[in-house]
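**Q** Need a 3D model of the sequence below.
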Amino acid sequence: HVLLRLNHCHDKSHSIRAAPCSADEVTYKEVLDRFVDSYQVLEKLYEHKIIHGMGLDGIHGLDIRYLVERCSIKPQLYRGDISQALDILKRNHRAEESNEHIATTLLAHNITFLASNVAGHILERKPMAPNAYALLQNLG
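**A** Next comes the predicted model:
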């Protein structure tokens with residue numbers, strides 16, 4: 001299985017955009033098109049049974065939609081930070097727009113969400129999640 005990641009960075013206005021953040025005049029669309037090209041290489045490897053699954057790692061909802069509209073084989077997996085799911089549940093307004101869009105896109109295309117950094121967020125939220133914290137302590 002292979003996860004493909006589209007790097008993002010913050011520009012001077014602190015808005016997130018696709019990498020690279022440099023003076024090389026590469027447009028957002030050009031970066032996304034290169035990402036789609038890379039994904040299409042994975043599709044060929046998948047078709048020839050060289051890899052057994054394809055997924056995405058931490059990309060934004062609109063980028064997922066852009067990819068899904070241009071690929072022939074949908075990713076099976078999306079790896080994202082558990083905070084994305086927690087933000088949706090809490091209705092965190094700053095995260096609501098992008099994360100709910102990710103959830104909607106993933107559900108619409110039957111892409112499994114694999115949560116990462118679960119232990120870190122349990123530790124940060126010990127008062128809010130005492131049962132999860134106790135289970136984590138039992139693991140050692």
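
**Q** Show me the shaky parts of the chain.
**A** 7-26, 84-100, 140 (pLDDT under 70).

**Q** which stretches of it form helices?
**A** Assigned by DSSP state H, the chain shows helices spanning 28-47, 61-68, 82-90, 93-108, 118-124, 130-139.

**Q** Just give me the residue closest to the centre of the protein.
**A** residue 58 (2.5 Å; C-alpha atoms, centre = their mean).

**Q** before we move on, the earlier item: nearest approach to residue 76 belongs to which of the helices of the chain?
**A** When the helices of the chain are compared by C-beta to C-beta, helix 28-47 sits nearest residue 76, at 9.5 Å. C-beta here means a position set from N, CA and C on the backbone, and glycine is covered the same way.

**Q** buried ones in stretch 46-56?
**A** Neighbour-count burial for stretch 46-56, with 16 or more other C-beta atoms under 10 Å as criterion, is recorded at 46, 54-56.

**Q** any chance you could read off phi and psi for the residue nearest to the centre of the chain?
**A** Main-chain dihedrals, residue 58, degrees, to the nearest 10: phi 60, psi 30.

**Q** In this structure it contacts residue 4, no?
**A** No: using C-beta atoms under 8 Å, residue 58 is not in contact with residue 4, being 10.2 Å away.

**Q** circling back to that earlier point, now, among the buried residues of stretch 46-56, which is nearest to residue 39?
**A** Closest to residue 39, out of all of the buried residues of stretch 46-56 and judged by C-beta to C-beta, is residue 54, at 7.4 Å.

**Q** For that closest one, list the residues it contacts.
**A** For residue 54, the contacting residues are 1-4, 39, 42-43, 46, 73, 75-77, by C-beta atoms under 8 Å, 6 or more residues apart in numbering.
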